[in-house]
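> predicted model and sequence follow; I will ask about them next.
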Amino acid sequence: MKKLYPVLFLLVTLLSFKASAQETVMSEINYTFLEKCIQSAKDHYIRRKIFGLRAQDAHLNISTSTISYLDIFTASYFYRPNDKPVIAGDGLTTANPYSVNGFQFGGTINIGQYLQKPFLVKKAKYEYQIAELEAQEYDKTLATEVKTNYYNYIQQLSQLKLTNQSVQDTKSIAETTRNKFQKGEATLDVYNQSRAAEAAAESTKIQAEIAYLKAKDALEDIIGVKLTEIK
């Protein structure tokens, strides 16, 4: 009779294998839903937004560098009214000694800045290209992370289904064994073994549920919304 417990275990295993033959991970994968998850991550994941803002900031720097060409020029003017005397010391006034009166304009150009500007503009363009490439690279990385989390979610979901089926099978065996025990057709040892197998299956179910919830939370965290919100 002591050999009956391995038999029970083998029976549960065979039942689980039968269920696994009917349920496969590949049949659970929805690639349309997966693409929507990837797009949701691009729309909501904070780190991806940071890369996008960096690219926008780098693009603005191009315009700023181009406009700053005006910084190399300095304009000034001086105004002296016509026919106005000049105040000398001790409050004395003299006739206007200047031959040029009215508005006088002048301007300067900073040669050093003038020579630097083309390189600064080119540098800003390179920085924008780099920021764009970094954003594109991260989009690929993010898509890979979403796929990894999605596949893990599907794996844990499938495992939970198999575990639930195994629990049902184990309960059925335990119930059959209990009836036989009550009729005197099975020993107490066999009955206890069936109950132990049922408890072990319930424990496995709890672990599978926790693994499923963790996988679901990880996927929802990266896509930024609940899975039920993906349409």
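Nice, I can see it. What you see is a predicted model; the values in this text were computed from it and never measured.
> helices along this structure, start to end?
4-22, 25-28, 31-44, 46-67, 111-182, 188-223 (DSSP state H).
> so which of those helices gets nearest Ile230?
Across the helices of the chain, Ile230 has its closest neighbour in helix 31-44 (5.1 Å, C-beta to C-beta). In this view, the C-beta of every residue, glycine as well, is placed from N, C-alpha and C.
> contact partners of the closest one?
Outside helix 31-44, the residues within contact range by C-beta atoms under 8 Å, 6 or more residues apart in numbering are 48, 139, 142-143, 145-147, 150, 219, 222-225, 230-231.
> how about 7 Å then?
If you take C-beta atoms under 7 Å, 6 or more residues apart in numbering as the criterion, helix 31-44 is touched by Arg48, Asp139, Leu142, Ala143, Val146, Lys147, Tyr150, Ile222, Ile223, Gly224, Val225, Ile230.
> most neighbours, which of those residues?
Ile223 (25 neighbours; other C-beta atoms under 10 Å).
> what about the residue nearest to that residue when sequence neighbours are not counted, how many neighbours?
The shortest distance from Ile223 to any non-neighbouring residue, by C-beta to C-beta, 6 or more residues apart in numbering, is to Ser40 (4.3 Å). Residues near Ser40, counting by other C-beta under 10 Å, number 19.
> ok, back up a step: mind putting the contacts of helix 31-44 into a markdown table with distance to Ser172 and pLDDT?
A markdown table is the format used below for the contacts of helix 31-44 (distance: C-beta to C-beta, whole Å; pLDDT from 0 to 100):
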| residue | distance to Ser172 | pLDDT |
| --- | --- | --- |
| Arg48 | 49 | 85 |
| Asp139 | 50 | 91 |
| Leu142 | 45 | 93 |
| Ala143 | 44 | 94 |
| Val146 | 39 | 96 |
| Lys147 | 38 | 96 |
| Tyr150 | 33 | 97 |
| Ile222 | 39 | 94 |
| Ile223 | 39 | 94 |
| Gly224 | 42 | 92 |
| Val225 | 39 | 93 |
| Ile230 | 36 | 90 |
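> and of the residues you listed, the nearest to Gln207?
Distances from Gln207 to these, taken by C-beta to C-beta, are shortest for Tyr150, at 21.2 Å.
> for the closest one, which residues are in contact?
Leu34, Cys37, Leu219.
> okay, the residue nearest to Ile223: pLDDT?
Predicted confidence (pLDDT) for Ser40: 94.
> could you do Tyr128 as well?
On the pLDDT scale, Tyr128 gets 83.
> residues touching the closest residue to it other than its chain neighbours, list them.
Excluding its sequence neighbours, the residue lying closest to Tyr128 (C-beta to C-beta, 6+ apart) is Ala58, at 3.9 Å. Contacts for Ala58 (C-beta under 7 Å, 6+ apart) come out as Glu127, Tyr128, Ala131.
> thanks again, I'm all set now.
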